[in-house]
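Asker: below are the sequence and a predicted model for it; my questions follow.
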Amino acid sequence: MSTTALAPSSAAGPIPAAGPAIEATGLVKSFGALRAVDGIDLRVDPGEIVAFLGPNGAGKSTTLDIVLGFSSPDAGTAWVFGRSPGQAASELRTGAILQEGGLLPDYTVGQTLQVVAAMRGGRHDIPSVLDLAGITPVLGRKVAKCSGGERQRLRLALALLGNPDLMVLDEPTAGMDVTARRSFWAAIRERTAGDKAVLFATHYLQEAADFADRIVIISRGRIVASGSVDEVRALGQGTIITATWPGLAGAAELEAELAPVRGTLADVAVHGEHVEIRTTAPDDVARLLLTRTPAHHLGITALSLDDVFAELVKDGEDVEDVKGTGDVTGTARRTD
Ligand SMILES: Nc1ncnc2c1ncn2[C@@H]1O[C@H](COP(=O)(O)OP(=O)(O)OP(=O)(O)O)[C@@H](O)[C@H]1O
């Protein structure tokens, strides 16, 4: 697949946005016996930046390919500004950064932009694209000599050509260092200040937390949670208590001592004298540890977004039972 959505050129002038940037309902896509996408409902409104998070093979790219019109779903519908994805692409309403490949190593950055701009047709404000993507300094450099981050910036510039209303970015900052990632997102933010929409797939939870208005978590082709960062974080049940327990014989001793609060425990782990307990009643567990056991040095922390994410995607068996995940615009929900 090419790196950037090289939509067929269109003579069509600007067409007003109509409805949601993306409205997908009941998407299903199989490869042989594998259901890569298994009933996804997804809505992205103009002006929103939405992160699509999930483990490897969850179905993110397959979904994005459908939204971009690169492939058709086996079932369900996808609309982009009220049009078919292919139509929206041909009207230059969508721009994309896909995962890999597609760039010609012997072209310079500037030549690549010119060629793609000519292929896409229409009028392009190349200086502002260069500026926004921050690649002016490497304009004369051959793609083969560009660093990973510079290539991603070139991909961003290509995606910005035509000033699309929706950008679909598949792991757009892969290979970028923290500073490059920050300035990449600053450029996207600047770009989406109005009513432009962005849907991006990422493996970086922190990136999703920092830059997205909304997070959609997908596992095994199904949406398992969606909402703001805080809403998704709140789906994690429990609090983590850590402590040092001198002379602890092992997990059996810990569990025996915690018997009075057993019903509140989600997880216990013992690493030598260090214990980690996840509980829905942190005060009770802390009190018990401090008054009835030798444990000391207690630490009490909320679940991190990483913990919540790991829990939400941990077990495909749970997710298999999910039915109808509903829209992804409202309050966060877990669907198992
Ligand atoms: N063209 C294809 N033919 C066969 N299987 C495919 C094809 N495209 C994707 N798959 C499979 O579908 C599943 C979902 O793949 P997809 O690329 O959508 O996942 P992803 O969430 O984007 O993963 P990653 O984070 O690793 O990029 C995977 O098991 C993948 O191997």
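Answerer: Received the coordinates, thanks.
Asker: the residue nearest the centre of the chain: which element?
Answerer: Geometric centre of the chain, nearest residue: residue 52, 2.8 Å, by C-alpha atoms, centre = their mean. Using DSSP states H and E, the secondary-structure element containing residue 52 is strand 49-53.
Asker: list the contacts of that strand.
Answerer: Applying C-beta atoms under 8 Å, 6 or more residues apart in numbering, the external contacts of strand 49-53 come out as 44, 60, 63-64, 188-189, 192, 197-203, 205, 207-208, 211-218, 309, 328. C-beta: built from backbone N, CA, C; applies to glycine.
Asker: quick one on the thing from earlier: which non-adjacent residue is nearest the residue nearest to the centre of the chain?
Answerer: Closest residue to residue 52 apart from its sequence neighbours, by C-beta to C-beta, 6 or more residues apart in numbering: residue 201 at 4.4 Å.
Asker: who's in contact with that neighbour?
Answerer: By C-beta under 8 Å, 6+ apart, the residues touching residue 201 are 51, 52, 53, 54, 60, 61, 64, 169, 170, 171.
Asker: so the helix or strand containing it versus strand 49-53, what angle?
Answerer: Following DSSP H and E, one finds residue 201 within strand 197-202. Counting by axes from the mean of the first three to the mean of the last three C-alpha atoms, to 10 degrees, strand 197-202 points 20 degrees away from the direction of strand 49-53.
Asker: mind listing what strand 197-202 pairs with, with the direction of each?
Answerer: strand 49-53 (parallel), strand 166-170 (parallel) (DSSP bridges).
Asker: helix or strand next in line after the first one, which one?
Answerer: Along the chain past strand 49-53, the next helix or strand (assigned with DSSP H and E) turns out to be helix 60-67.
Asker: pLDDT of that next one, averaged?
Answerer: Averaged over helix 60-67, pLDDT sits at 93.
Asker: please apply the same query to stretch 89-108.
Answerer: pLDDT averaged over stretch 89-108 gives 82.
Asker: thinking again about what came up before, save the strands paired with strand 197-202 as JSON lines, and put in distance to residue 32 too.
Answerer: Formatted as JSON lines, these follow (distance: least, C-beta to C-beta, whole Å):
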{"stretch": "strand 49-53", "distance to residue 32": "24"}
{"stretch": "strand 166-170", "distance to residue 32": "22"}
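Asker: compare these and give me the one nearest the ligand.
Answerer: In terms of C-beta to the nearest ligand atom, the element of these nearest to the ligand is strand 166-170, at 7.1 Å.
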